[in-house]
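Trainee: give me a model of this one.
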Amino acid sequence: MGAGAAHPMAPARAPATRNRSGARRDCALAAVAGLALAASFIDFRLSLLPWLAMAPLIALTHDSTPRHAFWLGFAAGLAGIAAAFVWLIHAVRLFGGFPLPVALAVYLVPVAWMALQFGLFGALLAWMGPLPLGLAPALVFTAVEFVFPSLFPWRLAHTQYHRVLLLQSGDLAGPYLLTFTMVWTSTAILAIYRRLVEPAGSRGATRASTRWWPLLPCALLVALLGYGGWRLASVRAARSEAPVLRVGVVQGNIGVERKGNRSFFVRNLEEYRTLSRAVAPEVDLLVWPETVVQEPVPRGAAVLAGADHPFPDLPRPLVYGGLGLDVQLGERRLFNSAFLLRQDGRLGGRYDKRVLVPFGEYLPLADRFPRLRALSRGTGRFSAGSETTVLALDARARIAPLICYEDVIPGPARDAVQRGATLLLNLTNDAWYGDSAEPLQHQALAAWRAVENRRDLVRATNTGLTSVIAATGEVLAELPVFQAATLATEVRLLDQRTFYTAHGDAFAGTVLAIVLVCLLRRRWLSGPRGDP
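Mentor: Okay, here's the model as predicted:
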């Protein structure tokens, strides 16, 4: 499409200048759209909202200069992100040890940063202008979602957590194909609405070219549902024939204060042992969550005995979260680790967490500016692991440990499956976030790791949500939050490889390339569309 070509969805360009009341009205509408997106991420029963909520933001950007569109997108992002992730305030206070005023200031930093994603979307969409078939919003939003670095990497597709048929495309493209479909559908709804409400006399020139393309996103949605039905049936069939592993997950419900208080370490361990003994006769493997054991295990240790053994009369093999220790040339390095402990006390493997949480497990820039530690004395000083490790219980049960945050990003799970993992296992402690939406949001993101790689996922958490997610993305069982309990379940050990495991974000990368070509072509043809 040439620089001067019009698209049937695009309205006439608005006047270059706007009065303040109009700008405030636009920002308010954008904020409402952002809050609608946030609502669907807080309560997943509202999963229809995102299919509609993008339409007003798209409409506003089509009627704006890039600068104005940026601020509209930023307003939408600021409202939505602040509402969806309000639990960050509580987490920053507990995790980092900040006083409330500092915690509020720290909270605003990631909120404003993540809101920039929407501002960038608005600016690029307004600058690039329309594309044939209403594709511009879907392409731009998906590309920005893919490349924008976010502390909590939520995706629009994550709001469809309860729509199991729609999740199945994850083994092709992760969440990005569904995100693309959602935004394209929202654009089609907007185009249909405009066609219905515009004056009859203005329809003649555009009717032929606008009446049919909104059917394309509908056809794509139908295709995703069809693919979802087919894959759901085939993966369920594969699971029914796969080897079985009986797993007992222990949720100790140890509060933040007790978990970090050395005087409670022995008591905490004994509570985990008591719960484990009760469930052990039913299972082949016991699992404890993140950092249950607080005594560091030196690298190279082959056997745990005496006071170093967390469970002297261990009835079953155990995977547990603890602390790893390395001492080299007098330098002491501490790791957030997962260990496989066999019944005879031998260590069957250790994995060190590779993706650390800033302001919780480490303080950014503290090595360069040590005085920063005075602001956050509760922040840990963990080192990041460097290797993907698979814990081999036996020849069939090859376990990929993912610690805390590592199940919300695709890389660690995909790396482990490429190394032969047949089961994903997340060890986490979400007690830091209190009674908030975070545990369910965490699980909603984690479910995509199971679908992307077609592996069952066991989530062992300190306070919840402890759960088992099938390779289809279906939640098979879960424990209530803030209760000490055990979960005995059967998981299936799959070894098939998916397109996503092999090729990663090929779809999102292709979308990004298309957007870059369109932006370059736009610049070459007419120069950037700047503000007057």
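Trainee: the longest helix belonging to the chain - contacts with which helices or strands?
Mentor: Identified as the longest helix of the chain according to DSSP state H is helix 100-128. Where contact means 3 or more CB pairs under 8 Å, 6 or more residues apart in numbering; DSSP states H and E, helix 100-128 is packed against helix 49-62, helix 66-84, helix 87-96, helix 136-147, helix 506-526. (C-beta placed from N, C-alpha, C; glycine too.)
Trainee: out of those helices, which is closest to Ser240?
Mentor: Ser240 lies closest to helix 506-526 among the helices and strands packed on helix 100-128, at 29.4 Å (CB to CB).
Trainee: mind checking how far the closest one is from the chain centre?
Mentor: How far helix 506-526 lies from its chain's middle: 26 Å, per CA atoms, centre = their mean, to the nearest Å.
Trainee: pLDDT on the strand or helix carrying Gly349, on average?
Mentor: Per DSSP states H and E: Gly349 is located in strand 347-352. Mean pLDDT, strand 347-352: 95.
Trainee: run me through the strand neighbours of it, direction for each.
Mentor: Partner strands for strand 347-352, per DSSP bridges, with pairing direction: strand 331-341 (antiparallel).
Trainee: by neighbour count, which bits of the partner strand are buried? Give me those.
Mentor: Buried residues in strand 331-341, counted by 16 or more other CB atoms under 10 Å: Leu334, Phe335, Asn336, Ser337, Ala338, Phe339, Leu340, Leu341.
Trainee: chain center to it, what's the gap?
Mentor: 25 Å.
Trainee: give me the low-pLDDT residue ranges for the stretch 101-250 of the chain?
Mentor: For the stretch 101-250 of the chain, the stretches flagged by pLDDT under 70 are 198-210.
Trainee: what segments of it are strands?
Mentor: Along the stretch 101-250 of the chain, the segments classed as strands by DSSP state E, counting those that start in this stretch run 244-251.
Trainee: show me what the strand holding Gly349 is in contact with.
Mentor: Strand 347-352 has contacts (CB atoms under 8 Å, 6 or more residues apart in numbering) with 297, 299, 301-304, 317, 324, 335-342, 383-387, 389-393, 401, 403.
Trainee: with stretch 292-303 instead?
Mentor: Contacts to stretch 292-303, defined as CB under 8 Å, 6+ apart, come from residues 252, 254, 262, 265, 268-269, 272, 304, 307-308, 310, 320-327, 334, 337, 339, 345-347, 350, 462.
Trainee: now list the buried members of the residues you listed.
Mentor: For the contacts of stretch 292-303, a neighbour count by 16+ other CB under 10 Å gives the buried set as 252, 254, 265, 268-269, 272, 304, 310, 320-325, 334, 337, 339, 345, 347, 350, 462.
Trainee: which SSE is immediately downstream of the strand holding Gly349?
Mentor: Counting by DSSP H and E, the next helix or strand C-terminal to strand 347-352 is strand 391-392.
Trainee: so what touches that following strand?
Mentor: Strand 391-392 is touched from outside by Val319, Ala338, Leu340, Gly348, Gly349, Tyr351, Arg398, Ile399, Ala400, Pro401, with contacts defined as CB under 8 Å, 6+ apart.
Trainee: at 10 Å what do you get?
Mentor: Strand 391-392 has contacts (CB atoms under 10 Å, 6 or more residues apart in numbering) with 317, 319, 338-340, 347-351, 397-401, 416, 420-423, 425.
Trainee: in ChimeraX, select just the buried ones from those residues.
Mentor: To isolate the buried ones among the contacts of strand 391-392 in ChimeraX, judged by 16+ other CB under 10 Å, type:
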select :317,319,338,339,340,347,348,349,350,351,397,398,399,400,401,416,421,422,423,425
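Trainee: for Leu402, grab phi and psi.
Mentor: phi -130, psi 120 (degrees, to the nearest 10).
Trainee: actually Arg398, not the one I wrote
Mentor: Dihedral angles for Arg398 - degrees, to the nearest 10 - are phi -110, psi 110.
Trainee: so it sits against Pro243, correct?
Mentor: No: under the criterion of CB atoms under 10 Å, Arg398 makes no contact with Pro243, lying 11.1 Å away.
Trainee: next one: Val250 from Val279, what distance?
Mentor: Applying CB to CB, to the nearest Å, the value for Val250 to Val279 is 7 Å.
Trainee: apologies, that question was intended for Ala28.
Mentor: Distance of Ala28 to Val279, computed by CB to CB: 53 Å.
Trainee: which one of these two has more residues nearby?
Mentor: Counted by other CB atoms under 10 Å, Ala28 and Val279 do not tie: Val279 has more neighbours, with 20 against 12.
Trainee: that one: what secondary structure?
Mentor: Of the three states, Val279 takes helix according to DSSP: H, G, I helix; E, B strand; the rest coil.
Trainee: let me see the contact set for it.
Mentor: Shown in contact with Val279 (CB under 10 Å, 6+ apart): Arg246, Val247, Gly248, Val249, Val250, Leu286, Pro315, Arg316, Ala485, Thr486, Leu487, Ala488.
Trainee: break this structure down into its domains, please.
Mentor: Domain assignment for the chain, taken from automatic domain parsing, gives 20-237+519-526, 244-321+338-351+388-493.
Trainee: Thr510: which of those is closest?
Mentor: That would be domain 20-237+519-526 among the domains of the chain, by CB to CB, at 9.4 Å.
Trainee: would you indicate which residues of the longest helix of the chain are buried?
Mentor: Within helix 100-128, the residues scored as buried using 16+ other CB under 10 Å are 103, 106-107, 110-111, 114-128.
Trainee: what mean pLDDT does the one helix or strand Val417 maps to have?
Mentor: Taking DSSP H and E as the criterion, Val417 maps to helix 410-418. On average, the pLDDT along helix 410-418 is 96.
Trainee: quick one: name whatever helix or strand follows that helix.
Mentor: Downstream of helix 410-418, the next assigned helix or strand under DSSP H and E is strand 423-428.
Trainee: may I have the strands that pair with that next one, each with its orientation?
Mentor: Sheet partners by DSSP bridges: for strand 423-428, these are strand 398-403 (parallel), strand 457-461 (parallel).
Trainee: the shortest one versus strand 244-251: what angle between them?
Mentor: With axes from the mean of the first three to the mean of the last three CA atoms, to 10 degrees as the basis, strand 457-461 and strand 244-251 are set at 20 degrees to each other.
Trainee: hmm, who's touching the next helix or strand along the chain from strand 457-461?
Mentor: Downstream of strand 457-461, the first helix or strand assigned by DSSP H and E is strand 467-469. Under the criterion CB under 10 Å, 6+ apart, residues 247, 249, 251, 407, 424, 426, 439, 443, 446-451, 455-461, 474-479, 487, 489-491 lie in contact with strand 467-469.
Trainee: now the buried members of those residues.
Mentor: Judged by 16+ other CB under 10 Å, buried ones among these: 247, 249, 251, 407, 424, 426, 439, 443, 446-451, 455-461, 474-475, 478-479, 487, 489, 491.
Trainee: measure how buried the nearest residue to Gly255 once chain neighbours are set aside is and give me the count.
Mentor: Of all residues not flanking Gly255 in the chain, Ala431 sits nearest, at 6.3 Å (CB to CB, 6 or more residues apart in numbering). Applying other CB under 10 Å, we find 24 other residues in the vicinity of Ala431.
Trainee: let me see the ranges of the helices in the stretch 201-350 of the chain.
Mentor: Assigned by DSSP state H, counting those that start in this stretch, the helices in the stretch 201-350 of the chain fall at 207-210, 215-241, 256-259, 265-279.
Trainee: Thr185: which of the ones you listed is closest?
Mentor: Nearest to Thr185, of all the helices of the stretch 201-350 of the chain, is helix 215-241, at 4.5 Å by CB to CB.
Trainee: give me the helices and strands touching that closest one, please.
Mentor: For helix 215-241, the elements it packs on are helix 164-167, helix 170-173, helix 176-197, helix 438-453, strand 485-492, judged by 3 or more CB pairs under 10 Å, 6 or more residues apart in numbering; DSSP states H and E.
Trainee: the fourth one vs strand 457-461, what angle?
Mentor: Yep, that's helix 438-453 we're talking about. Counting by the same axes, to 10 degrees, helix 438-453 lies at 160 degrees to strand 457-461.
Trainee: thank you, goodbye.
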